[in-house]
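>>> Fold the stuff below for me.
(2 chains)
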There are 2 protein chains.
Amino acid sequence: MKKLINHVDTVLAESLDGFAAAHADIVTLGPARHFVRRRTLKPGKVALISGGGSGHEPLHAGFVGHGMLDAACPGQIFTSPTPDQMLAAAEAVHTGAGVLFIVKNYSGDMMNFQMAAEMLDKENATVVINDDVAVENSTYTTGRRGVAGTLLVERIVGAAAELGQGLAELKAVGDAVNRCTASMGVALSSCTVPAAGQPTFQIAADEMEMGVGIHGEPGRRRVKMTSAQDIAAEMIGNVLKDLSLKRGQEVILLVNGFGGTPLMELYVMVNAARLLLESSGIRVARYLAGSYVTSLEMAGCSVTVCAADASMLSMWDAPLHTPALRWGM
Amino acid sequence: MKKLINHVDTVLAESLDGFAAAHADIVTLGPARHFVRRRTLKPGKVALISGGGSGHEPLHAGFVGHGMLDAACPGQIFTSPTPDQMLAAAEAVHTGAGVLFIVKNYSGDMMNFQMAAEMLDKENATVVINDDVAVENSTYTTGRRGVAGTLLVERIVGAAAELGQGLAELKAVGDAVNRCTASMGVALSSCTVPAAGQPTFQIAADEMEMGVGIHGEPGRRRVKMTSAQDIAAEMIGNVLKDLSLKRGQEVILLVNGFGGTPLMELYVMVNAARLLLESSGIRVARYLAGSYVTSLEMAGCSVTVCAADASMLSMWDAPLHTPALRWGM
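This next block holds a predicted model:
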């Protein structure tokens, strides 16, 4: 295992320290590095809190800031944060208008966020994200997994929260974005969890894992490597089948790298995906391409399509100022 | 070779098409994809043009936009663009105030940009970037190589151009930023050029290439893998030796991933680098961490330190709106 680290036990702490130093204008670390929080809170705004296992950076801490999250709780790599992290984050960033938890559908995260929600003595609600159409149930999940669609939920709900919408409204917006968002991924290589010291899975030089999860967990099937065009066709095909969109529908397209795939290839996938969508009569109204919901250094990517309505598109475009995504301010 | 591509001969064209579609609000492609240009030009502003071999994305096309470049000429992967690309770009984006070419010091780029400069019938000047302190002369270079410091030159000169500075002033600003900027890199793995189909170099499971160039070309020496702390110490040590900074100096720190290294590790390097700089009495005034000047999917990173004066810091902070970097607008 070759990694730019000092020790497997200190990777997360040192990475968080570097992150907090680099983005000190936006974020600060909570006590014992239990959470990353917005430096400046907005009184009367519903507090948005997410989190999950680390190793998916910039998700979630990179999305803390104006127009997105108020706090993110980082677990150890590919391990859920604990309920006390979520409770501490909620205590630190709530301003009296309630707390909305945004949770990717993994058994560990679901259990721990639910426990935190029950223990929290503030009004709260939870949005569960399950955008991955590849598999029903999986290694770490009952039901579908939550993957890169999380970025869209956090962004659109984050913008709505900034405009002063209440807890029930925001919960409804989050659920609505989740319902109209679908993703599917493919891996060309495994990642290596530092504490494990060896690749999560073995894959032949001419194979790929179609429908892979963001921890390198199995997808639909192991298949022979094929062209970007064919890969995009399978992923977009499944995503469109799930969303059953009408011709003329506008969408946000996210082509998300898993960490080890260069931008040049991601844009080849953007090109393939947009041509496929256009040929189905779908108009890509907004694009995002980059490595945003990663699996350490895994090679591969996912495509996410969000059938955003006019209000969601306007929330997408609203001012945003986080370490990983920034526009309009 | 496993890559998300359709054919080695069409990677660049398809990637550029995806890029142009995704960022159509900012850029447009020139005829025959000879260059990427800003969609909207600013009359009376000096035109800034860069370019070089592809495979370093988002450099340079990702830096076209307000506050940075007017055009970027993409060559084939790790191959200089041709003089007619630069000429076509200059004809397309100059608005009468002259043209400034920003060129990384590689023999092919130097020759071709010089030829374009001689053929161009508009007032023009050239800034040459040679920030890599690892080696004097190299596989593709006479003198030092131009690497991630290019981002700082393009950004700071870009902001100055936006403020209406003239060609001679901008050339002086660019040369000044280059003089006070130094970089050094390390590779943990090779990249694979699609047309070659196999890794550029072989490296053992316990080795790294210290001082590597951004094409995977050799650095100072092949050494045993060590800790992030030791790697940062060697790189920062060499960078500081080159810049000979006074205690109390403010700097911009760029920790740049080469494409295959996850953000989590880059922030571990940010943390190591900032502690080293602080212990030398250097204050990190601005941070940038991410994969911005890449070598396809090579694992590893570089550190760049720019001993920016107050004017450069103010240019760094000025409004910026490009596909890869955006702030203040």
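>>> Please count neighbours and contacts with C-alpha atoms only from this point.
Fine.
>>> Find the residue closest to A:Ser190 in space, skipping its chain neighbours.
Nearest residue to A:Ser190, sequence neighbours excluded (Cα to Cα, 6 or more residues apart in numbering or on different chains): A:Met298, at 5.1 Å.
>>> For that neighbour, which residues are in contact?
By Cα atoms under 8 Å, 6 or more residues apart in numbering or on different chains, the contact set of A:Met298 is A:187-191, A:216, A:258-261.
>>> which of those tops the neighbour count?
Among these, A:Phe258 has the most neighbours (other Cα atoms under 10 Å in any protein chain shown), with 34 neighbours.
>>> Now for the contacts of A:Met298: which two are most distant?
Spanning the widest gap among those are A:Gly216 and A:Thr261, at 14.4 Å by Cα to Cα.
>>> circling back: which ones among the contacts of A:Met298 are found in strands?
Among the contacts of A:Met298, the ones falling in strands (DSSP state E) are A:Ala187.
>>> Which positions in the stretch 1-150 of chain A make contact with chain B?
With Cα under 8 Å from any Cα of the partner chain as the criterion, the stretch 1-150 of chain A meets chain B at residues A:1-7, A:11-12, A:14-19, A:21-23, A:55, A:57-58.
>>> Inside helices: which ones of those?
Among those, the subset assigned to helices under DSSP state H consists of A:11-12, A:14-19, A:21-22.
>>> Adding neighbour count and pLDDT, write those residues out as CSV.
Below are those laid out as CSV (neighbours: other Cα atoms under 10 Å in any protein chain shown; pLDDT from 0 to 100):
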residue, neighbour count, pLDDT
A:Val11, 21, 98
A:Leu12, 23, 98
A:Glu14, 22, 98
A:Ser15, 22, 98
A:Leu16, 23, 98
A:Asp17, 19, 98
A:Gly18, 26, 98
A:Phe19, 28, 98
A:Ala21, 20, 98
A:Ala22, 24, 98
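>>> all strands of chain A, in order?
A:27-29, A:36-38, A:47-54, A:71-77, A:99-104, A:124-129, A:181-187, A:207-210, A:221-224, A:250-257, A:283-290, A:300-306, A:320-321, A:326-327.
>>> I'd like these as CSV, with mean pLDDT and distance to B:Ala97 appended.
Listed next are the strands of chain A as CSV, based on pLDDT from 0 to 100; distance: least, Cα to Cα, whole Å:
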stretch, mean pLDDT, distance to B:Ala97
strand A:27-29, 98, 41
strand A:36-38, 98, 44
strand A:47-54, 98, 49
strand A:71-77, 98, 48
strand A:99-104, 98, 51
strand A:124-129, 98, 52
strand A:181-187, 98, 48
strand A:207-210, 98, 52
strand A:221-224, 96, 54
strand A:250-257, 98, 39
strand A:283-290, 98, 34
strand A:300-306, 98, 43
strand A:320-321, 98, 34
strand A:326-327, 97, 30
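>>> ok, now which ones touch the residue nearest to A:Asn112 when sequence neighbours are not counted?
Closest residue in space to A:Asn112, ignoring its immediate chain neighbours: A:Pro83 at 5.0 Å, by Cα to Cα, 6+ apart. By Cα under 8 Å, 6+ apart, the contact set of A:Pro83 is A:112-113, A:115-116.
>>> filter those to the buried ones?
A:112-113, A:115-116 (16 or more other Cα atoms under 10 Å in any protein chain shown).
>>> Keep only those of those residues that are in helices.
A:112-113, A:115-116.
>>> ok, so of the residues you listed, who is nearest A:Gly65?
A:Phe113 (20.9 Å).
>>> What separation do you get for the closest residue in space to the closest one that isn't next to it in sequence and A:Leu167?
Leaving aside its chain neighbours, A:Phe113 sits nearest to A:Pro83 (6.1 Å; criterion: Cα to Cα, 6+ apart). For A:Pro83, the distance to A:Leu167 equals 21 Å [Cα to Cα, to the nearest Å].
>>> What residues does the stretch 151-300 of chain A have near chain B?
Contact residues (Cα under 8 Å from any Cα) of the stretch 151-300 of chain A with chain B: A:188, A:205-206, A:225, A:227-229, A:259-272, A:286-289, A:296-297, A:300.
>>> Would you agree A:Thr181 is in contact with A:Val133?
No - using Cα atoms under 8 Å, A:Thr181 is not in contact with A:Val133, being 9.7 Å away.
>>> Give me the more crowded residue out of these two.
Shown here are A:Thr181 and A:Val133; by other Cα under 10 Å, A:Thr181 has more neighbours (30 against 26).
>>> Please name the residues that touch that one.
Contacts for A:Thr181 (Cα under 8 Å, 6+ apart) come out as A:131, A:149, A:243, A:304-307.
>>> Most neighbours among those, please name it.
A:Thr304 leads those on contacts (other Cα under 10 Å) with 31 neighbours.
>>> what sits opposite it in the beta ladder?
Taking DSSP bridges as the rule, A:Thr304 bridges to A:Ser183, A:Leu254.
>>> buried ones in stretch A:211-225?
Residues of stretch A:211-225 classed as buried: A:211-219, A:222, A:225 (neighbour count, 16+ other Cα under 10 Å).
>>> and which of these is nearest to chain B?
A:Met225 (7.3 Å; Cα to the nearest Cα).
>>> Skip the chain neighbours and tell me the closest residue to the closest one.
Excluding the flanking residues, the one nearest A:Met225 by Cα to Cα, 6+ apart is A:Glu207, at 4.8 Å.
>>> likewise A:Ala134?
Spatial nearest neighbour of A:Ala134, excluding adjacent residues (Cα to Cα, 6+ apart): A:Gly211 at 4.8 Å.
>>> Verify the contact between the one you found and A:Arg222 for me.
No - contact criterion Cα under 8 Å: A:Gly211 and A:Arg222 do not qualify, at 9.0 Å.
>>> In CSV, list the contacts of A:Thr181 along with distance to A:Glu234.
Listed next are the contacts of A:Thr181 as CSV, based on distance: Cα to Cα, whole Å:
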residue, distance to A:Glu234
A:Asp131, 16
A:Gly149, 18
A:Leu243, 14
A:Thr304, 13
A:Val305, 14
A:Cys306, 17
A:Ala307, 18
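>>> rewinding a little: report pLDDT for the residue nearest to A:Ala134.
A:Gly211 carries a pLDDT value of 97.
>>> Now do the same contact list for the closest residue to chain B within the stretch 51-200 of chain A.
Nearest residue of the stretch 51-200 of chain A to chain B, counting by Cα to the nearest Cα: A:Glu57, 6.1 Å away. By Cα under 8 Å, 6+ apart, the contact set of A:Glu57 is A:292-294, A:296, B:262-264.
>>> And the helices in the stretch 151-300 of chain A, which stretches?
A:167-179, A:228-243, A:263-279 (DSSP state H, counting those that start in this stretch).
>>> Leaving out chain neighbours, which residue sits closest to A:Pro323?
A:Gly62 (5.0 Å).
>>> ok, now A:Glu123?
That would be A:Gly98: by Cα to Cα, 6+ apart, it lies 4.8 Å from A:Glu123.
>>> and that neighbour, how many neighbours does it have?
Close neighbours of A:Gly98, defined as other Cα under 10 Å, add up to 21.
>>> Would you agree it is in contact with A:Lys122?
Yes - shown here, A:Gly98 and A:Lys122 form a contact pair, counting by Cα under 8 Å, at 6.1 Å.
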